[in-house]
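Asks: Next one to model:
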Amino acid sequence: MRVVVQRVSRAACTMDKVTTGVIKEGFLLLVGVTHNDTEDDVRYLAKKIAALRVFSDSEGKMNLAIKDIGGSILSISQFTLYADTHHGNRPSFINAARPELALPLYEKLNVILCDEYGIHIETGIFGADMQLDFINDGPVTIIIDSNDR
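Replies: This next block holds a predicted model:
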């Protein structure tokens, strides 16, 4: 499982001009699932995301986690994180999990972050063509892959 974590000062997701999720300060998560991912991968990523200290403390150092600042998460499913660009110019998405595996794991990540870590979660629409509007604060962008433990 792979997640791109972007520290944002605001983020919003729309689909067909309808807002599906909007947050102020926090994280924009782009979440990709591959074939061999399990709930263990989900729990690993949830713990890492919740504990990630990339928000500034009173001295301006990246020392605070999302809960410390009362931040929220906009979580977006992103199968293109598993694009294979080795051959030709048109990416292959063979490494992305099928929706019947990816959707439950994506939803489980959101539930764990909310219920177990107490972080407010907004989402896009799984598998939909969405538009994202956000301000990457810093910019801070971190990639966490559960296969890199």
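
Asks: Please give me every residue in contact with the most centrally placed residue in the chain.
Replies: By C-alpha atoms, centre = their mean, the chain has its centre lying nearest to residue 29, at 2.0 Å. Under the criterion of C-beta atoms under 8 Å, 6 or more residues apart in numbering, the neighbours of residue 29 are 3, 4, 5, 6, 49, 73, 74, 75, 76. In short, each C-beta sits where N, CA and C put it, glycine included.

Asks: And what about residue 133, helix, strand or coil?
Replies: Recorded secondary structure, residue 133: strand (DSSP: H, G, I helix; E, B strand; the rest coil).

Asks: Number the residues from 864 up from this point.
Replies: Understood, numbering begins at 864; the last thing we discussed is residue 996.

Asks: Which parts of this protein are helices?
Replies: For the chain, applying DSSP state H gives helices covering 902-914, 962-978.

Asks: Check which residues of the longest one are buried.
Replies: Spelled out, that is helix 962-978. Taking 16 or more other C-beta atoms under 10 Å as the basis for neighbour counts, the residues of helix 962-978 that come out buried are 964, 965, 968, 969, 972, 973, 975, 976.

Asks: quick revisit: want to try a markdown table for the helices of the chain, with distance to residue 878 and mean pLDDT as columns?
Replies: Output for the helices of the chain, formatted as a markdown table (distance: least, C-beta to C-beta, whole Å; pLDDT from 0 to 100):
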| stretch | distance to residue 878 | mean pLDDT |
| --- | --- | --- |
| helix 902-914 | 24 | 98 |
| helix 962-978 | 16 | 98 |
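
Asks: among the ones you listed, which is nearest residue 985?
Replies: Residue 985 lies closest to helix 962-978 among these, at 9.3 Å (C-beta to C-beta).

Asks: quick one: that closest one to helix 902-914, angle?
Replies: Angle between the axes of helix 962-978 and helix 902-914 is 40 degrees (criterion: axes from the mean of the first three to the mean of the last three C-alpha atoms, to 10 degrees).
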